[in-house]
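# give me coordinates for this.
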Amino acid sequence: MVTDSKTGQPIFQASGRSGLRNQAAWLSAGHPYITGSVSTLAENRVDQISFPYVTKSITVINKNSSSGESLRVHFQSGSGVTISESTDGGGRAAIADTCDVITGKHFVTLPANESVTFDVKCSKMYISNGQATAVSYEVFAELTYIATSSMPHLTGSGITVFHP
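Residues are numbered from 1 along each chain as shown. Predicted coordinates:
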């Protein structure tokens, strides 16, 4: 234990380790992370966004201008979807309308020229296209200094499982 040299009182020091239950990690402003679709996201395809640290908040912007060019934002890829990691941390795969995330409506639909902000902690998210038209997007996230390895796998009710 470290004590103050003048008063002799103990000085409590933070461990220096950020974690999911560390209040200071959530009270301070996050550092920025910005990415987007390098090319348009084709019909029935899904992109995985892998963050370098656990997020504090995420904003997704649909860059398309015409009605009918909406995106689906979700926190699980879905059954039968395997996304191969690429060098930039993303990846694309086919996503069927019969996958559990889609049939269970475990996504938020984001219309053209709209944005949505999620105050959530996660290490990855998914953006998919169920439209006949290719779409593009941008993502802005506030990141904590919490390692993604401390984030549990998101699954269950509201993520992949439908409970009426």
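# can you give me the strands for the chain?
In the chain, the strands defined using DSSP state E lie at 2-3, 10-11, 31-36, 45-50, 53-62, 71-74, 92-94, 108-110, 115-118, 124-129, 137-147.
# please look at Thr40 and Ser136 and confirm they touch.
Yes - judged on Cβ atoms under 8 Å, Thr40 makes contact with Ser136 at a distance of 5.1 Å. Where C-beta positions appear, they are placed from N, C-alpha and C, glycine not excepted.
# and the contacts of stretch 100-116?
Contacts with stretch 100-116, where a contact means Cβ atoms under 8 Å, 6 or more residues apart in numbering, come from 59-62, 64-79, 95-97, 126, 128, 130, 137, 158-162.
# below-threshold pLDDT in this structure: ranges please.
Scanning the chain for pLDDT under 70 picks out the ranges 1-29, 38, 79-80, 82-91, 151-164.
# could you redo the last one with a cut-off of 80?
Scanning the chain for pLDDT under 80 picks out 1-30, 38-39, 77-94, 97-98, 132, 150-164.
# ok so, going back, now list the buried members of the contacts of stretch 100-116.
Buried members of the contacts of stretch 100-116, scored by 16 or more other Cβ atoms under 10 Å, are 60-62, 64, 69-78, 95, 126, 128, 130, 137, 160.
# quick one on the thing from earlier: so for Thr40 and Ser136, which sits in the more crowded spot?
Ser136 (18 against 15; other Cβ atoms under 10 Å).
# that one contacts Lys63, correct?
Yes - using Cβ under 8 Å, Ser136 is in contact with Lys63, at 4.6 Å.
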